[in-house]
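Visitor: Task: produce atomic coordinates for the following.
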Amino acid sequence: MVIRFDVAEGTQYQVSNVALKGNELFTQEEILANLKDNNNLRTSLELRPGETFTPKKLRSDVESIRNFYQAQGYIDAEVVPQKVPN
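Guide: Sure, this is the predicted structure:
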């Protein structure tokens, strides 16, 4: 048996900007300064301007922001990323 994977590479995207929108209780600076991962280790956003976009980094950043809000008692906080190709 031969298994072949046909790959269409598509476009490689670079991160040009990362911004938080809809955050009314905390400033972007407060959120970014207090991010932690699931192991409660201090972190920062993984997606940074100039870097290659990856879904894994996006998921990690969403989780870090959600962890911040949950640590403040907002256990139902939702973080919905919007990807806008440029």
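Visitor: Can you report phi and psi for the spatially most central residue of the chain?
Guide: In the chain, the C-alpha closest to the average C-alpha coordinate belongs to Asp61, at a distance of 2.8 Å (CA atoms, centre = their mean). Phi and psi for Asp61, reported as degrees, to the nearest 10, are phi -70, psi -40.
Visitor: can you check the one 4 residues further on too?
Guide: Backbone torsions of Ile65, given as degrees, to the nearest 10, read phi -70, psi -40.
Visitor: That one and Leu41, how far apart?
Guide: With distances defined as CB to CB, to the nearest Å, the gap from Ile65 to Leu41 amounts to 15 Å. Heads up, the C-betas are built off the backbone N, CA and C, glycines and all.
Visitor: more crowded one of the two?
Guide: The residue with the greater number of neighbours, taking Ile65 and Leu41 and applying other CB atoms under 10 Å, is Ile65; the counts read 19 against 8.
Visitor: can you pull the contacts of the residue lying closest to the more buried one once chain neighbours are set aside?
Guide: Spatially, and ignoring its direct neighbours in sequence, Ile65 is nearest to Val79 (4.7 Å; CB to CB, 6 or more residues apart in numbering). Contacts for Val79 (CB atoms under 8 Å, 6 or more residues apart in numbering) come out as 62, 65-66, 69.
Visitor: what's the closest non-adjacent residue to the residue nearest to the centre of the chain?
Guide: Leaving aside its chain neighbours, Asp61 sits nearest to Leu45 (5.0 Å; criterion: CB to CB, 6+ apart).
Visitor: To what extent is that neighbour buried, counted in neighbours?
Guide: By the other CB under 10 Å criterion, the neighbourhood of Leu45 contains 17 residues.
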